[in-house]
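Engineer: sequence plus predicted model, see below.
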Amino acid sequence: MLPQIKERTAGLHQYGTAGGLAVYERLGNLPLKNWQQGSWPQAEAISGVRMAETILTDTYACGGCPIGCGRVVEVGEGPYAGVRGAGPEYETCAAMGSLCLIDDLSAIAKLNELCNRYGLDTISAGGVIAFAMEARERGLLDEGPIWGDAQGAIELLHKIARREGELSWLLGEGVRRAAEKLGGRALDFAMHVKGLELPMHDPRAYFSVAVGYATSNRGACHLQAFSHLFERVLTMPELGYPEVLPRDQAEGKGEMVAKLQNLMALFDSLKLCKFVLFGGVTLAPILTWFNCVTGWDLDQGQFLRIGERIFNLKRLFNVRLGVSRKDDWLPLRLLVHRRGEGGAPDALPPLGPMLADYYAYRGWDEEGIPTPEKLAELGLTDL
Ligand code: SF4
């Protein structure tokens with residue numbers, strides 16, 4: 001199977017996860033200007049393809065990985081000369097780039113390097129910088145970077161990491177708390193779910209992402225379901241998805257997200273990289289590997305039940321902290337704002353019905369609380 005994985009993921013190795021960034025822009029999936037805009041001609045300039053033509057010097061792989069999507073970059077000239085090491089992946093190129101309308105790949109590499117050195121998550125940091133840019137534009141802040149201001153973004157990142165100045169204390173706690181402190185209209189463009197800034201995939205382009213972000217246990221996360229890829233290129237016959245699903249169709253997406261969250265909980269627990277899915281790996285070989293390594297003899301239903309139990313266990317933890325349907329929601333911008341241009345100009349995901357389907361499939365009540373029957377089924381009655 002290794003030759004097959006290598007062959008099918010050759011593009012991922014050559015261009016990294018940002019290789020498809022310009023395609024995502026054309027599909028309306030790439031977040032632009034804090035999720036306001038529908039198209040952006042500069043997308044090519046921050047893509048993995050452009051990276052390969054300019055600052056890429058090498059690639060690297062996690063231990064034992066046949067794919068090797070990691071980037072090694074070096075900026076040799078210009079204001080960001082000296083950047084050298086791990087390069088930005090798709091999420092970083094989008095969060096530090098298109099989300100803030102920064103079209104300078106070297107600046108993005110610099111922002112990426114700073115986040116690595118400071119120990120900051122690049123998605124959250126990019127989300128905070130974009131929030132600050134919009135707040136400045138709307139007159140809610142009188143300092144900080146404006147759209148496209150790479151140098152201003154770098155200065156802000158330094159200040160946030162070092163907690164220098166009043167602005168850093170406002171923004172350093174993330175967009176939810178910053179918006180709560182600013183109040184008023186700031187709450188309208190605070191792009192987070194359960195306090196976690198949004199990853200770089202737009203629910204208006206892939207409807208399943210709406211349910212995935214809303215119900216992800218740690219707040220908005222594209223990896224807990226990984227569902228947008230099953231609306232684009234991936235299939236999973238073992239889960240009932242032999243074909244790619246239409247991306248702007250709501251029907252069946254609640255169930256699909258729940259099934260994929262259960263599967264991805266297994267991936268996370270087994271420390272499996274989800275990118276092997278691009279190599280044509282499906283559930284059946286993973287189960288075979290699992291049984292070989294453990295000496296167990298689980299069937300597919302038993303295997304997936306473990307994933308379901310993991311996901312429900314996390315949900316129970318959150319329920320104990322007060323989480324319910326009221327928290328399984330998206331920023332209003334993603335539900336009501338039609339971008340009017342690009343690859344998904346008019347699409348708006350109908351989250352309410354999809355969420356109802358999701359709860360029903362999960363065996364949760366209308367408030368999103370796992371029912372006693374479901375907990376008994378999963379052996380979690382003590383919790
Ligand atoms: S394990 Fe995954 S993230 Fe790491 S290099 Fe391989 S494909 Fe990339």
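Structural biologist: Yep, it's here.

Engineer: all helices of the stretch 151-300 of the chain, in order?
Structural biologist: Ranges of helices in the stretch 151-300 of the chain, per DSSP state H, counting those that start in this stretch, are 166-171, 175-182, 208-215, 253-270, 283-294, 300-320.

Engineer: out of those helices, flag the one nearest Arg362.
Structural biologist: Closest of the helices of the stretch 151-300 of the chain to Arg362 is helix 253-270, at 5.2 Å (criterion: Cβ to Cβ). Bear in mind the C-beta positions are built from the backbone N, C-alpha and C, glycine included.

Engineer: what angle sits between that closest one and helix 300-320?
Structural biologist: 100 degrees (axes from the mean of the first three to the mean of the last three Cα atoms, to 10 degrees).

Engineer: residues from the stretch 1-150 of the chain in reach of the ligand?
Structural biologist: Within the stretch 1-150 of the chain, the positions adjacent to the ligand are Ala61, Cys62, Cys65, Ile67, Gly68, Cys69, Gly70 by Cβ under 6 Å from any ligand atom.

Engineer: adding neighbour count, distance to Pro353 and pLDDT, write these out as a markdown table.
Structural biologist: Shown next, in a markdown table, are those (neighbours: other Cβ atoms under 10 Å; distance: Cβ to Cβ, whole Å; pLDDT from 0 to 100):
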| residue | neighbour count | distance to Pro353 | pLDDT |
| --- | --- | --- | --- |
| Ala61 | 13 | 42 | 97 |
| Cys62 | 12 | 39 | 96 |
| Cys65 | 16 | 39 | 95 |
| Ile67 | 20 | 37 | 97 |
| Gly68 | 17 | 41 | 97 |
| Cys69 | 25 | 36 | 98 |
| Gly70 | 17 | 40 | 98 |
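
Engineer: so which of these sit within strands?
Structural biologist: Using DSSP state E, the subset of those located in strands is Gly70.

Engineer: of the helices of the stretch 151-300 of the chain, flag the one that's most buried.
Structural biologist: Among the helices of the stretch 151-300 of the chain, helix 208-215 has the highest mean neighbour count (mean count of other Cβ atoms under 10 Å), at a mean of 29.

Engineer: state the mean pLDDT of it.
Structural biologist: In this model, helix 208-215 has an average pLDDT of 98.

Engineer: elements contacting that helix?
Structural biologist: helix 253-270, helix 351-362 (3 or more Cβ pairs under 8 Å, 6 or more residues apart in numbering; DSSP states H and E).

Engineer: reformat these as TSV; add distance to the ligand and mean pLDDT.
Structural biologist: Shown next, in TSV, are the helices and strands packed on helix 208-215 (distance: least, Cβ to the nearest ligand atom, whole Å; pLDDT from 0 to 100):
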stretch	distance to the ligand	mean pLDDT
helix 253-270	11	98
helix 351-362	28	98
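
Engineer: coming back round to it: nearest to Gly85, of the residues of the stretch 1-150 of the chain next to the ligand?
Structural biologist: Closest to Gly85, out of all of these and judged by Cβ to Cβ, is Gly70, at 10.6 Å.

Engineer: report pLDDT for the closest residue to that closest one other than its chain neighbours.
Structural biologist: Among residues not flanking Gly70 along the chain, Tyr60 sits closest, at 3.9 Å (Cβ to Cβ, 6 or more residues apart in numbering). Looking at Tyr60, its pLDDT reads 97.

Engineer: you'd agree Tyr60 is up against Gly85?
Structural biologist: No. Counting by Cβ atoms under 8 Å, Tyr60 stays clear of Gly85, with 10.1 Å between them.

Engineer: what touches both of those two?
Structural biologist: Counting by Cβ atoms under 8 Å, 6 or more residues apart in numbering, the shared contacts of Tyr60 and Gly85 are Val72.

Engineer: okay, stretch 83-100 in CSV with CA atoms only?
Structural biologist: The C-alpha atoms that make up stretch 83-100 are tabulated as CSV, following Å, rounded to 0.1, in the frame of the first residue of the first chain:
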residue,chain,number,x,y,z
VAL,A,83,13.5,33.5,7.8
ARG,A,84,14.7,29.9,7.6
GLY,A,85,13.1,26.6,8.7
ALA,A,86,9.6,25.1,8.8
GLY,A,87,7.4,26.8,6.2
PRO,A,88,3.7,27.8,6.4
GLU,A,89,1.0,25.2,5.6
TYR,A,90,-2.4,25.9,4.1
GLU,A,91,-4.1,27.0,7.3
THR,A,92,-1.3,29.5,8.0
CYS,A,93,-1.1,30.9,4.5
ALA,A,94,-4.9,31.5,4.7
ALA,A,95,-5.0,32.8,8.3
MET,A,96,-2.0,35.1,8.0
GLY,A,97,-2.6,35.7,4.3
SER,A,98,-6.0,35.9,2.7
LEU,A,99,-7.9,36.4,5.9
CYS,A,100,-5.9,39.6,6.5
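
Engineer: pull out the buried positions in that stretch.
Structural biologist: 83, 87-100 (16 or more other Cβ atoms under 10 Å).
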